[in-house]
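S.K.: Fold the following, please.
(chains A, B, C and D)
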2 protein chains.
Amino acid sequence: MRQDPPPPSPTLEDVARAAGVSRATVSRVINGIRNVDSAIQEAVRQAIATTGYVPNRAARSLVTRRTGSIALVVSGAGGDDDSFPVQVFADPFFGRVAGGIVGFLRPRGIHPVLMFAETGAARAQVLASLRQGDADGAVLVSTHAEDPLPRLLAEAGLPAVLFARPAEPVPISYVDVDHRAGAKLAADHLVARGRKQIVTISGPLDVPASQARLAGFRDAMAAHGHPYVPCAEGGFTYHSGVQAMERLLAEHPGLDGVFVANDLMAQGALLVLRHHGRAVPDDVAVVGFDDSSAATACRPALTTVRHPVEDMAAELARLLLEHIGQPGHRPTSIIFEPSLVVRDSS
Amino acid sequence: MRQDPPPPSPTLEDVARAAGVSRATVSRVINGIRNVDSAIQEAVRQAIATTGYVPNRAARSLVTRRTGSIALVVSGAGGDDDSFPVQVFADPFFGRVAGGIVGFLRPRGIHPVLMFAETGAARAQVLASLRQGDADGAVLVSTHAEDPLPRLLAEAGLPAVLFARPAEPVPISYVDVDHRAGAKLAADHLVARGRKQIVTISGPLDVPASQARLAGFRDAMAAHGHPYVPCAEGGFTYHSGVQAMERLLAEHPGLDGVFVANDLMAQGALLVLRHHGRAVPDDVAVVGFDDSSAATACRPALTTVRHPVEDMAAELARLLLEHIGQPGHRPTSIIFEPSLVVRDSS
DNA sequence: CTGAAAGCGCTAACAT
DNA sequence: ATGTTAGCGCTTTCAG
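M.R.: Numbers count the residues shown, from 1 in each chain, chains lettered A, B, ... in the order given. A predicted model of the protein is given here:
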């Protein structure tokens, strides 16, 4: 005993018949082409409503040669890392990127196709998928600087854009934030608050963004007359922030200011400071980076450098659509300016 | 000055000509249909290789009435929560689900389409997308128990499956882990370790899984002669684990055993115990839940209840494909058995 | 401003 | 075992 087959969904033909016009006219109405009598337009809309018509993507795609979807590729450096997807998702950062992209794309009726490119084989499959037309283009979020995928995509002539500047120049569009400038904001602020013994917790130093934040911070501090700033390297996780702060406290018990390279680690640092009886911001001033949800969840609320991830992701999606629309388009990079959000931790 | 249009990619026709056979034969070879002479098969493969042919998804989709993709829907309860995607991704849990699904689907050449259904409007759009054929079916991951989407999908007759049992019965397939049994494993283990003052940190109590873990733990403890177990409610985040542990320690300074409803919170609890000078496992034994990457990242490594998320997600994907393949298929639920992974924290 | 007609590339009867 | 043929539902010239 089988269930009845689902009723065939209405086609353009059905709508056309119901409206007493031709398929072509209905198509024009649907695709918002002018030059259609407004009375007829109204009739067509009626017919669409009564028939419950929805356009068939595959059919449309076949003739327009567009899938109307883009790939969201989460890409690593190589190696067969089993826990790869988990790692990526553990940082709120990826969620913000996904949210920004979806926010831009959804009103345009397009959903991202999720792909992972953590190994060489996976990378090859992503390339094949794109060539096959599973998506019109790709937004890449790399977890490692040495990721070969950007170059591969560029060479294949597939429309693609990147979140964050590649380690080596690749002819591909990207967005990034001015990490150095952001770190300078933090440095200026801590100095303005009269802090004398300032230290920092960096992100993983094989990530260019981490390097830039650290270098920018040290340069700005040097300009303020602090030639050397102690640093503990973290891994962008809450836990690593805890560990880094403990190390710094042990080595520099007199510290009175900390710049932490992301909010999640800053949250961990805050906890350690509290457990060690250091009042924030009175004894120790803390500045984070990102302005993620962690920043306001903290006690005290975190002063932090705003990283406009969602805006950047939306802009990235816009860029990709532009590239898809005009294949000859030149690579463009857009650098966003960070700003300081002063709350209670400094 | 425009760039040259990309060369048209080869079609079945081209391959057929190159191999000196008909389109149909090439199609058969590609789709792995027997009844093709092996010599001809070889010739066709040659032709495919030399022409660099890749099948056109849209064309295939148009005739098979299958898109070859499924939706991965992250779904909330309602409300216009701006930070929705961020919240969801913050837990390693979602990454494990995504990884499990991709692991199963990728070898079959199918990629998940990412959709968010956090508001009523978004939900409607997800439904429309599915009806329109953006995907053949949906895997749902709900963040709230009252999520109306499962029922809506079931009523629309769209193939869909659920990660975790719905709060109210819905005729839809799902996978889940036996939370109560897992909690019992933890209880038995703590009692066997001779702990007398046992407390627990639960997940958010509006989540059925949290309720089940708490109830299962308390029931098992009662059976061991501990009629009441103090509980602090957390939110499945590291930070909430810290806060909950601090509360428990303040209220029950004599505690010597803790069951924490997920590893991330357990990691936070471990930190607090250390800061308070309690040795783990000697002074206080700690048992987590999930066996996520956090469990091995801890010091000491966490004894925890294994939640086979990846396996469950893969099974869920398999179930969905089954439903897509045979529309009349009855809803099935599969409950996985948890197991205890003993490490150093108890 | 609207309709007729020609495909897009593929699969699946149906013939042979 | 292989070829022929008829569409799948849509967009898009091209006529009118």
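
S.K.: Which residues are in contact with the residue of the stretch 201-346 of chain A found nearest DNA strand D?
M.R.: Residue nearest to DNA strand D within the stretch 201-346 of chain A: A:Gly325 (12.7 Å; Cβ to the nearest atom of the strand). C-beta coordinates here come from the backbone N, C-alpha and C atoms, glycine included. Contacts for A:Gly325 (Cβ atoms under 8 Å, 6 or more residues apart in numbering or on different chains) come out as none.

S.K.: gap between it and B:Gln326?
M.R.: Separation of A:Gly325 from B:Gln326 (Cβ to Cβ, to the nearest Å) stands at 41 Å.

S.K.: now do A:Glu42
M.R.: According to Cβ to Cβ, A:Glu42 and B:Gln326 sit 42 Å apart.

S.K.: A:Asp256 now?
M.R.: Using Cβ to Cβ, we find A:Asp256 at a distance of 68 Å from B:Gln326.

S.K.: so what's the closest residue to A:Arg195 other than its chain neighbours bridging to?
M.R.: Closest residue to A:Arg195 apart from its sequence neighbours, by Cβ to Cβ, 6 or more residues apart in numbering or on different chains: A:Gly257 at 3.3 Å. With DSSP bridges applied, A:Gly257 shows beta-bridge pairing to A:Ile198, A:Ala285.

S.K.: can I see the domain layout of chain A?
M.R.: What the record gives for chain A is the domain set A:12-64, A:69-176+A:310-335, A:179-306, from the TED database.

S.K.: can you put these in TSV and add mean pLDDT?
M.R.: Formatted as TSV, these follow (pLDDT from 0 to 100):
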stretch	mean pLDDT
domain A:12-64	89
domain A:69-176+A:310-335	87
domain A:179-306	95
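
S.K.: Include distance to B:Ala192 when you put these into JSON lines, please.
M.R.: Shown next, in JSON lines, are the domains of chain A (distance: least, Cβ to Cβ, whole Å):
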{"stretch": "domain A:12-64", "distance to B:Ala192": "57"}
{"stretch": "domain A:69-176+A:310-335", "distance to B:Ala192": "30"}
{"stretch": "domain A:179-306", "distance to B:Ala192": "29"}
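
S.K.: nearest to B:Pro171, of those?
M.R.: Nearest of the domains of chain A to B:Pro171, taken as Cβ to Cβ: domain A:12-64 at 23.2 Å.

S.K.: So which residue is smack in the middle of chain A?
M.R.: Per Cα atoms, centre = their mean, the C-alpha nearest to the average position across chain A is that of A:Val97, at 2.6 Å.

S.K.: can you pull the contacts of that residue?
M.R.: Counting by Cβ under 8 Å, 6+ apart, A:Val97 has contacts A:141, A:163, A:309-310, A:313.

S.K.: Can you tell me which of these is closest to B:Leu185?
M.R.: A:Val141 (37.6 Å).

S.K.: Surely that closest one is in a strand?
M.R.: Yes: judged by DSSP: H, G, I helix; E, B strand; the rest coil, A:Val141 forms part of a strand.

S.K.: beta partners for it?
M.R.: A:Val74, A:Phe163.

S.K.: Tell me if I'm right that it and A:Gly76 touch.
M.R.: No: A:Val141 lies out of contact with A:Gly76 (Cβ atoms under 8 Å); the separation is 10.2 Å.
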